[in-house]
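J.: quick one: sequence and predicted model below, then my questions.
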Amino acid sequence: MPCFPSSVTVCHGVFLSTLGVMFYLSLYWLVQDAVTATPLGRRLVVNYSLTRADVTEISHKCKSQPAAASGDTERESPSSSTQLRDHCRSQPRADTRSAHRAISGRYDSRHCYERLRHQGLRLRYATQLVRDRLVIAMPRTARSPPAVSNLLLPGPSTDLTQTSSEPDIPSVIIEPELRKITTRAKRTRGVDLIPGSEFTQFRIEIKEMLSSWKTEQEVTMSKLVKEVSDLKVQNEKIHKTNVDIEKALEFMNGQYEEMRTKIGILENERSLYNDNILRLEMKVEELQNSSKRSIVEFRNIPPERKGNRCRFNVISILSWQGCQC
């Protein structure tokens, strides 16, 4: 539906809001991926949350730690961590909504962890410092902070310049307080491979239906092929008969043309004969007219008698013979 001039601002606002939502979602996933890429970030996914005051305090704590110089060995007494832990326990716990603010503190905690590591503290000790300052905020669940192990604190014989790392981090994170840390929910795979599931039954039904359709289509196609072959044979026969009919029509057309030419010739001859007949009739009339001049008329002849008839016949015969001589 096109946007009219009155609704241009509404369409523009909707477009900008969708762009903003997509931008914040992409930023959220990028930050989450960046945090979960470190061992500390894996422990701070959902169960822990940092406030800005906590991050500021930990940052000051990191700045107050002296940097480890080459060849120098500096140690921190265990009392500093214990005091920090007691201070955290004395602080009121955050409500359940503080867990949703973990996104804003993840990048700060990671940054603080990087600064702690660059200052020469050990990996486990830096993690313990940040974890002691976090407030566990789980919905409808009251938890106490994890117990501080003496192994995580630097002893009198521990060298801060020496650092260690665990190559197989997933196998190390098996502590009881870290078992229920949630990770990113992923789509389950292999559901279609479970026997007896709805999806497998649906697949089987679809396959059976498709196979039945295939058989029906094959039967119909075979019938159609047979009918088409019969139609081809009939078409060939009809084509042959049509060719014969065309030849016969061509022959008849030739004969008709010959007869037409002959009839034309006969008509011409008839017209000539008519002209000749007319000429002959005219000549006969002319002869008749010319013969009338030489006709001898006998007038006042008495009627013929019976006795004189023989005499007249004799006279006529003699006159005829005399003319021939």
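T.: The structure has been received and is ready for your questions. Numbers count the residues shown, from 1 in each chain.

J.: from now on I want contacts and neighbour counts done on CA atoms only, so please keep to that.
T.: Fine.

J.: quick one, domains of this protein?
T.: 38-178, 197-291 (automatic domain parsing).

J.: lowest average pLDDT across those?
T.: Of all the domains of the chain, the minimum mean pLDDT falls on domain 38-178 (a mean of 50).

J.: distance of V296 from E257?
T.: Applying CA to CA, to the nearest Å, the value for V296 to E257 is 60 Å.

J.: who has more neighbours out of those two?
T.: For the pair V296 and E257, the greater number of neighbours falls to E257 (12 against 7), based on other CA atoms under 10 Å.

J.: secondary structure class of that one, three-state.
T.: Secondary structure, DSSP: H, G, I helix; E, B strand; the rest coil: E257 is helix.

J.: wasn't P303 part of a helix?
T.: No - under the criterion used here (three-state DSSP), P303 is coil, not part of a helix.

J.: contacts only, for it.
T.: Shown in contact with P303 (CA atoms under 8 Å, 6 or more residues apart in numbering): no residues.

J.: then S17?
T.: Applying CA under 8 Å, 6+ apart to S17 gives no contacts.

J.: that one sits in which helix or strand?
T.: If you go by DSSP states H and E, S17 is part of helix 8-36.

J.: where does F298 sit: helix, strand or coil?
T.: Per three-state DSSP, the local secondary structure of F298 is coil.

J.: what residues are up against E267?
T.: For E267, the contact set (CA under 8 Å, 6+ apart) is empty.

J.: surely I245 forms part of a helix?
T.: Yes - the assignment for I245 (three-state DSSP) places it in a helix.

J.: ok, now how distant is E227 from E246?
T.: 28 Å.

J.: look at I245 and say how many residues are nearby.
T.: Neighbours of I245 under the rule other CA under 10 Å: 12.

J.: how about N242?
T.: 12.

J.: the chain should start at 46 in everything you say after this.
T.: New numbering, starting at 46: the last item is N287.

J.: would you double-check that it falls in a helix?
T.: Yes - inclusion of N287 in a helix is indicated when three-state DSSP is applied.

J.: ok, it to A293 distance?
T.: In terms of CA to CA, N287 sits 10 Å off from A293.

J.: do the same with M266
T.: From M266 to A293 the distance is 40 Å (CA to CA).

J.: then G299?
T.: In this view, G299 and A293 are 10 Å apart by CA to CA.

J.: cool, F247 as well?
T.: Distance, F247 to A293, by CA to CA: 67 Å.

J.: ok, now E261?
T.: Where A293 is concerned, E261 sits at a distance of 48 Å (CA to CA).

J.: one more: V273?
T.: Applying CA to CA, the value for V273 to A293 is 30 Å.

J.: then G309?
T.: Distance, G309 to A293, by CA to CA: 24 Å.

J.: swap in S267?
T.: For S267 relative to A293 (CA to CA), the value is 39 Å.

J.: same question, Q246
T.: 69 Å.

J.: which residues in the stretch 246-370 of the chain form helices?
T.: 353-369 (DSSP state H, counting those that start in this stretch).

J.: for I340, phi and psi?
T.: phi -80, psi 140 (degrees, to the nearest 10).

J.: what about it, how many residues nearby?
T.: Neighbourhood size, I340 [other CA under 10 Å]: 8.

J.: next, the buried residues of stretch 260-280.
T.: For stretch 260-280, the neighbour count (16 or more other CA atoms under 10 Å) marks no residue as buried.

J.: contact partners of that stretch?
T.: Contacts of stretch 260-280 (CA under 8 Å, 6+ apart): none.

J.: CA atoms only for that stretch, dumped as PDB, please.
T.: The C-alpha trace of stretch 260-280 is given here as PDB (Å, rounded to 0.1, in the frame of the first residue of the first chain):
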ATOM      1  CA  THR A 260       2.800 -45.400  -8.800                       C
ATOM      2  CA  GLU A 261      -0.400 -43.800  -9.900                       C
ATOM      3  CA  GLN A 262       1.500 -41.300 -12.000                       C
ATOM      4  CA  GLU A 263       3.500 -44.200 -13.600                       C
ATOM      5  CA  VAL A 264       0.200 -46.100 -14.400                       C
ATOM      6  CA  THR A 265      -1.400 -43.000 -15.900                       C
ATOM      7  CA  MET A 266       1.800 -42.200 -17.900                       C
ATOM      8  CA  SER A 267       1.900 -45.800 -19.300                       C
ATOM      9  CA  LYS A 268      -1.700 -45.500 -20.400                       C
ATOM     10  CA  LEU A 269      -1.000 -42.100 -21.900                       C
ATOM     11  CA  VAL A 270       2.000 -43.500 -23.700                       C
ATOM     12  CA  LYS A 271       0.000 -46.300 -25.200                       C
ATOM     13  CA  GLU A 272      -2.800 -44.000 -26.200                       C
ATOM     14  CA  VAL A 273      -0.300 -41.600 -27.800                       C
ATOM     15  CA  SER A 274       1.300 -44.500 -29.700                       C
ATOM     16  CA  ASP A 275      -2.100 -45.600 -31.000                       C
ATOM     17  CA  LEU A 276      -2.900 -42.100 -32.000                       C
ATOM     18  CA  LYS A 277       0.400 -41.900 -33.800                       C
ATOM     19  CA  VAL A 278      -0.500 -45.100 -35.800                       C
ATOM     20  CA  GLN A 279      -3.900 -43.700 -36.600                       C
ATOM     21  CA  ASN A 280      -2.400 -40.400 -37.600                       C
END
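
J.: alright, I will stop here.
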